[in-house]
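A.B. asks: Need the 3D shape of this:
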Amino acid sequence: MRRSLSPSFGVQGLCAGSALGRNGWDERFAEQSRPPMREILNMSSYTERGALEGVARRLTLCCAVGLVLAFVTMLRGDEPVPPWSAHLTSGGPVRVALSPPDDLRFAHLSWPKVIRTAKGTIVLACVAGIFHGDNGGGSPAVSVSEDEGRSFSPPRVLRAFGPGQEYTQCGNLALGVANDGSISLLAMAYTGNERNNIYGWRSADEGKTWAPVDTSKLGPNKTGSVFGAIIDTNDLGLIVAGHFRKGSKPIEKGIWWASSTDNGLSWCEPKLVTAIEGYEPALVQSGNRLLIFIRNNTEKESAQYVSVSDDRGKTWNTERSEIKPIDYRTHALISPFAVNNPERPGELLLLGTERGRGASPGRIVLWQGDAQRLDWKRDRILMEFPRIPGDKHIDYGYPWLLRLSAHHWLMFYYHGLGHGPNSIWCADLVL
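C.D. replies: Below is the predicted model of the structure:
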C-alpha cells in the first residue's frame, strides 16, 4: 500500500518495509526494543522488590514502544527506499519526512531543526534553496506536523535569499520554544565574507503564522552564524549560540551566545564564549551548567571542543574533547548535536555526523556522557550512508533528535543531491 505523507508534493511515504513482515513480528524491532542482556542476566541479583519492579517496568515499556513503532511502520506503507538511502544499523525503517517542493528554487532542503510544543505540534525548520553554499539561494522555511511527525505541511519560506540580493544564502538556523509557548526561529544570512545578518521570527499559534522580531543587536555584521537549539531558562530567558564570521566587527572568529528576556520578541547583544576557530555550536543546559559543543575544522582529527559555564554564561572554560571520528583518515566530524536524556538526569545524548572522505560511506554516531564529568563515550553507530560509485546523492547529515515518549525518539536528517532536490528524512529510534 502506498501512503502519501503530504499530498501537495506527491508520494512521500517511502519506507524500508513494514515492521510486520511475512513472518509477523519483525526481529529488527524486537532487537531495538530488547533491553541490554546484562540487565536480564542480573535480574536475579536484585534483592529488593522495588528494584525488581523497576526492571520489569522498563522491560514492559521497551516492548510496548517496539510494538507501537512496528504498528506505525505498517501503516506508513511498504514501498522500499532507493538504494542510496541511509539505513539504521538496528535494521529499522527510514522515511522521507518532508519532500522537496516542485519549485526547484526551493527544492534543496537541508539543516533541519525540530521542536515539539506542549500541545503536541511538531515544527520543523530547514533551509530551502537550490543548494547550500555561497549563492545557493538557501532560505529559512518552516513546516508543521499535527500527527506526531507522520506528515508535514509543505515548507513555507519566511524570507527568500539568493543571487542578486543583499544576502545570497541562509547559512543555518536555531529553533526553540519559550515558556509562554511561543516558538522562536533565528536564521543567518550572508554574502560570502562581505556581509552577514541574523533574522528572527516568532509564532504564537503553533507555527501557523510568523512575525518578525528585533535582531538588530545581532546584525548586520555583528555576529555571523546562529545554530542549533534555542534554550528556555528560568533566569536568563531564551539563550542561543552561534559563531562569528569574517566580515563581522569587531570580532571575526570565535563562538558567541546571546539571550532574549521577552520570549523572543527581541535579542540582546552577543557575548564571547571563546576565540577559538570553531563552528556550529550546539548549546545545551544541564542543571545549572551550560555546555556548548563546537565543530572543529582546524585539526585533522576534527575532535570537537566543549565550552562549559557554571556561572550562567559569565565565564567559560573551553577544552578539546574526545568526541572525534572513529578514523579521521577516512572521515571528518561535522554538525554537533546535544540533548538531555530525560530518562537519566545529568546524561547527555550526542550525535555526530561522520562524512566519508573519498569513497568512504558516511555514518551518524551516538555518544553519551555525564554533563558534570564530561566523560564522553562512543555508544554505537546509529546510521550508515552508502557510497555507490557514480551516485550523486552524497549530501547528508545534521541529525536532530526529538523525543516523543519515554524511549521513543525521532531522528531527522537531510539526504540527497549536493546540487538539486534534497529531502528531510526521519527514522524512529528506541534509546
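
A.B. asks: roughly how far apart are residue 407 and residue 345?
C.D. replies: As judged by Cβ to Cβ, to the nearest Å, residue 407 and residue 345 stand 15 Å apart. (C-beta placed from N, C-alpha, C; glycine too.)

A.B. asks: same check, this time on residue 121
C.D. replies: Separation of residue 121 from residue 345 (Cβ to Cβ) stands at 26 Å.

A.B. asks: If you count surrounding residues, which of these two has more?
C.D. replies: Per other Cβ atoms under 10 Å, whichever of residue 121 and residue 345 has more neighbours is residue 121, with 19 against 10.

A.B. asks: which residues does that one contact?
C.D. replies: 144, 145, 146, 206, 207 (Cβ atoms under 8 Å, 6 or more residues apart in numbering).

A.B. asks: can you tell me the helix or strand for the last one?
C.D. replies: Counting by DSSP states H and E, there is no helix or strand that carries residue 207.

A.B. asks: cool, and the first one?
C.D. replies: Assessed by DSSP H and E, residue 144 sits inside strand 139-145.

A.B. asks: Direction included, what does that strand pair against?
C.D. replies: If you go by DSSP bridges, strand 139-145 pairs up with strand 122-129 (antiparallel), strand 156-157 (antiparallel).

A.B. asks: so after the last one, what's the next helix or strand?
C.D. replies: So the one you mean is strand 156-157. strand 169-177.

A.B. asks: list the helices and strands that following strand packs on?
C.D. replies: strand 108-116, strand 122-129, strand 139-145, strand 183-191, strand 224-232, strand 238-244 (3 or more Cβ pairs under 8 Å, 6 or more residues apart in numbering; DSSP states H and E).

A.B. asks: Can I get those in TSV including distance to residue 277 and mean pLDDT?
C.D. replies: Below are the helices and strands packed on strand 169-177 laid out as TSV (distance: least, Cβ to Cβ, whole Å; pLDDT from 0 to 100):
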stretch	distance to residue 277	mean pLDDT
strand 108-116	21	98
strand 122-129	23	98
strand 139-145	26	98
strand 183-191	17	98
strand 224-232	12	98
strand 238-244	9	98
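
A.B. asks: quick one: which of those is nearest residue 95?
C.D. replies: strand 139-145 (12.7 Å; Cβ to Cβ).

A.B. asks: Centre of the chain to that closest one, how far?
C.D. replies: 14 Å (Cα atoms, centre = their mean, to the nearest Å).

A.B. asks: got the CA coordinates for that strand in CSV?
C.D. replies: Backbone C-alpha positions of strand 139-145 (Å, rounded to 0.1, in the frame of the first residue of the first chain) are rendered in CSV as follows:
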residue,chain,number,x,y,z
SER,A,139,16.1,30.5,2.6
PRO,A,140,14.6,29.8,6.0
ALA,A,141,11.5,27.6,5.7
VAL,A,142,9.1,26.0,8.3
SER,A,143,6.8,23.0,8.2
VAL,A,144,4.2,21.8,10.7
SER,A,145,3.0,18.3,11.8
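
A.B. asks: Going through the contacts of residue 121, which ones are buried?
C.D. replies: 144, 145, 206, 207 (16 or more other Cβ atoms under 10 Å).

A.B. asks: From these, pick the one nearest residue 91.
C.D. replies: Taking the buried ones among the contacts of residue 121 together and measuring to residue 91 by Cβ to Cβ, the closest member is residue 145, at 25.0 Å.

A.B. asks: For residue 108, give me its contacts.
C.D. replies: 100, 128-132, 136, 138, 416-417, 419-422.

A.B. asks: sorry, that was for residue 376
C.D. replies: Contacts of residue 376 by Cβ under 8 Å, 6+ apart are 321, 322, 323, 350, 367, 368, 369.

A.B. asks: and if you look at residue 319?
C.D. replies: By Cβ under 8 Å, 6+ apart, the neighbours of residue 319 are 305, 306.

A.B. asks: tell me the phi and psi of it?
C.D. replies: phi -140, psi 160 (degrees, to the nearest 10).

A.B. asks: Bridge partners for it, pull those for me.
C.D. replies: residue 306.

A.B. asks: what's the answer for residue 354, then?
C.D. replies: With DSSP bridges as the rule, residue 354 is bridged to residue 333, residue 363.

A.B. asks: Spit out the contact partners of it.
C.D. replies: By Cβ under 8 Å, 6+ apart, the residues touching residue 354 are 325, 326, 331, 332, 333, 334, 362, 363, 364, 365.
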